[in-house]
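Visitor: test case, fold it:
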Amino acid sequence: MEKSRDTTAEEDAETPTIGTPESQTTPTHEEILSVPAGYSDPHTAALEDNPLKPQKLTWPVLLSALFLGTSFTGPIMFGFILVTPILVQLSQKVGGANIDFWIPSGWGAAAAVGFSVAGKISDIFGRRVVILFGQFLTVVGGIICCTSETMNQLIAGEVVLGASIGTVSVAYAGISEILPNKYRGVGLAWTEFNLASWAVPSTILANAMISHATWRIMFYLCIGYGAFSFIGTALVYFPPSHPRPDGKTKWQEFKELDFIAAFLFTAGLVVFLYGLNSGGNTYPWSAAGTIAPLILGLLTFLSAFVYDAFIPADPLFPWYLFRNFRDFSALIVLVFVAGMVFFAASALNAQTILYLYTPDPIKIGLYSLPSGMGQLIGGCLVPALIHYIRHVHYQLTFAVFMQTLFFGLAALITPTNIDWLMACQFLAMFPFGWITLNCYTTASLNVPQRDLGVAIGLIGTFRSVGGSIGSVIFSSIFAQTAKKELPKRIAATAAANGVASSSVVGLIEAVGLGILGVPGQAGAVSGVSVGVFEDCVRAARFAYAYAFRITWLASIPFGVVALLAAVAVRDPSKYFTNHVEVHLEKKKGVYRQKGEILFSSSRCRPRGLLVQSTCVFATLTHAVCTTNIIPYTPMPPLF
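Guide: Predicted coordinates for the structure are as follows:
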């Protein structure tokens, strides 16, 4: 008989686990205070309720997974991935080059806050309401961005899109719990497919849009995806409600939310990011304007977790989750570090091509294709096979080692070895989706069902926090190193070629503009021949290469920490069973006929499900692309 995971603490304390002596299952007083009953074996039902064959896949389940999986594409792909490679060009269009770093940082900070709050709220109001609200925010954020005329407006829209992805992240839990345990990896791989299929040509698309049409197109697509997923989810996704055994209403639960910890977390993160961004830009690193917000922000951020460990009865950041290092906290470390380097690389990869090789937007996109292809294979195919490969802790260890190794080897990139750059981009970006989705799957199996929303939210929170901090740290390292090396190397080259010292300042500026693709710079400085100018450009490119080298070498220590955490993760492979945690209500929505079957899940291998999902995706994409929603303006030839 299946044991419910929503039982009260008293019932769990009195009812021993099947096949286990009662003396071994009765918790001590300390365990009752610190760990909810049943946590020691959170998924007993996955073992006890394990049919010989997976349950048959119905239309409501398939369509729910379809629409939930497309919820991430708007805010992540068109709100972040396509935007970050063209930050330099975008700031030339709308201004605000000195604050454009707030686009990735603001998006990441808002996502982190959304992740942390949405998971808890979804455990109160249910997944459906929270996901629909997040999809609505995607539409709102896209509208703000596509109508922006200044960098400040664009940043505001990106913050809304960040909040939307933080809220929509509840769909990770929603997809996981409606599928058989063994196919949770397949369901999450579908979400990554919606992202990675756009990520492959993302840089070339972004550069083509901003060069030959308008950058606003990406936000039109963001609105379209948000509306599509919102309408679909509203029609087909109806998970069952779970009233509390103590009889509390949802409004009473909402009023008991841990708002103090949410405020401390948000305020601390924003102030800390401000301090990081100020260092070396607004103020020197040693100035009070940098040190004060760094210290104040960090202390405020940490105080949220200290507060939750001792004071609230229902904390936003449950201490009993964090104290279980192998089941949960190790996953937090992994996604934090993975987010640090991935989100930083999303912007720096395209800038590497720009500063070291060519300003041509189409060539930048073509040279970036390996990066997107790595995300596609690593984020879709490998996680879908998690239940076949099993040994998840070994998978995570290898993936983290791979990420650390190849981001470290990216330090060897120079202006003369673009083949090495493309190889490193493919192999370094490959593990991110693999790490992230395996962490989501592991958490969904190692954490009690009643805490699933909180756990998934916290993993997303720390991934976004890591991304925000990593974007600032690595971008700052690159910018500060380049700021020192660039004038020094150009001046040395100019002096070796007999250029007057009075012309060096103008030469440095002209070289910088020339690298960005501004025409006519070779003859802009008097007394400097074209040959000397080209020598200075070459020196500048090697200065940028040195700055990137220092940047990627700085990522190695973080990778070593993540590697140690990966080794410690508890393998959830024993829970890859045919058990389904949540059954959708079939008397609501479009498909009301009880028991309507699409096809047998026993015949639905990952390959088959991916093929069918691909067909559905291709059909919908064709329909959207052939619908004249946005007035069409012919685009000049790209080649």
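Visitor: quick one: low-confidence ranges for the chain?
Guide: Per-residue confidence for the chain (pLDDT under 70) gives these ranges: 1-55, 241-248, 280-281, 578-639.
Visitor: top helix in it by residue count?
Guide: The helix of greatest length in the chain, counted in residues with DSSP state H as the criterion, is given as helix 452-496.
Visitor: which SSE is immediately downstream of that one?
Guide: Following the chain from helix 452-496 toward its C-terminal end, the next helix or strand by DSSP states H and E is helix 504-515.
Visitor: and the contacts of that next one?
Guide: Taking CB atoms under 8 Å, 6 or more residues apart in numbering as the criterion, the residues outside helix 504-515 that touch it are 354-355, 359, 486-487, 490-491, 494-495, 499, 521-522, 524-525, 528, 533, 536-537, 540-541, 544. Every residue, glycine included, has its C-beta placed from N, CA and C.
Visitor: how far does the longest helix of the chain sit from the chain's center?
Guide: 17 Å (CA atoms, centre = their mean, to the nearest Å).
Visitor: cool, stretch 370-377 as well?
Guide: Average the C-alpha atoms of stretch 370-377, do the same for its chain, and the two points are 15 Å apart (CA atoms, centre = their mean).
Visitor: do stretch 380-396 as well
Guide: 19 Å.
Visitor: ends of it, how far apart?
Guide: Taking CA to CA, to the nearest Å as the measure, stretch 380-396 stretches 15 Å from start to finish.
Visitor: next, count neighbours for Leu356.
Guide: Using other CB atoms under 10 Å as the criterion, Leu356 is surrounded by 21 other residues.
Visitor: now what about the helix or strand where Leu563 lies, what contacts it?
Guide: Secondary-structure assignment from DSSP H and E places Leu563 in helix 556-568. Counting by CB under 8 Å, 6+ apart, helix 556-568 makes contact with 325-326, 330-331, 333-334, 336-338, 340-341, 393, 396-397, 399-401, 403-404, 407-408, all of which sit outside it.
Visitor: ok so, going back, drop anything exposed from the contacts of helix 504-515.
Guide: Buried members of those, counted by 16 or more other CB atoms under 10 Å: 354-355, 359, 486-487, 490-491, 494, 499, 521-522, 524-525, 528, 533, 536-537, 540-541, 544.
Visitor: any idea of the angle the helix holding Leu563 forms with helix 452-496?
Guide: Counting by axes from the mean of the first three to the mean of the last three CA atoms, to 10 degrees, helix 556-568 points 150 degrees away from the direction of helix 452-496.
Visitor: can I get helix 556-568 as PDB, trimmed to CA atoms?
Guide: Extracted in PDB, the C-alpha atoms of helix 556-568 (Å, rounded to 0.1, in the frame of the first residue of the first chain):
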ATOM      1  CA  ILE A 556      39.200  27.200 -12.000                       C
ATOM      2  CA  PRO A 557      39.100  27.500  -8.200                       C
ATOM      3  CA  PHE A 558      35.300  27.700  -8.300                       C
ATOM      4  CA  GLY A 559      35.200  24.600 -10.500                       C
ATOM      5  CA  VAL A 560      37.400  22.700  -8.000                       C
ATOM      6  CA  VAL A 561      34.900  23.500  -5.200                       C
ATOM      7  CA  ALA A 562      32.000  22.300  -7.400                       C
ATOM      8  CA  LEU A 563      33.900  19.100  -8.200                       C
ATOM      9  CA  LEU A 564      34.100  18.300  -4.500                       C
ATOM     10  CA  ALA A 565      30.400  18.900  -4.100                       C
ATOM     11  CA  ALA A 566      29.600  16.700  -7.100                       C
ATOM     12  CA  VAL A 567      31.400  13.700  -5.500                       C
ATOM     13  CA  ALA A 568      29.300  14.100  -2.400                       C
END
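Visitor: and that helix, how far out from the chain middle?
Guide: Centroid separation between helix 556-568 and its chain, computed with CA atoms, centre = their mean, is 19 Å.
Visitor: do the same with stretch 87-101
Guide: With CA atoms, centre = their mean as the basis, the mean position of stretch 87-101 lies at 22 Å from the chain mean.
Visitor: now swap in stretch 198-213 and tell me
Guide: Between the mean C-alpha point of stretch 198-213 and the mean C-alpha point of its chain there is a distance of 20 Å (CA atoms, centre = their mean).
Visitor: quick one: residues in contact with that stretch.
Guide: For stretch 198-213, the external contacting residues (CB under 8 Å, 6+ apart) are 73, 77-78, 81-83, 85-86, 89-90, 93, 215, 217-218, 349-350, 361-362, 364-366, 368-369, 371-373, 375-376, 633, 635-636, 638.
Visitor: try 6 Å
Guide: 77, 81-82, 85-86, 89, 215, 217, 350, 361, 364-365, 368, 372-373, 375-376, 635-636, 638 (CB atoms under 6 Å, 6 or more residues apart in numbering).
Visitor: any idea how far the residue lying closest to Ala313 once chain neighbours are set aside lies from Lys120?
Guide: Excluding the flanking residues, the one nearest Ala313 by CB to CB, 6 or more residues apart in numbering is Glu256, at 7.5 Å. Here the criterion is CB to CB, to the nearest Å. By it, Glu256 lies 11 Å from Lys120.
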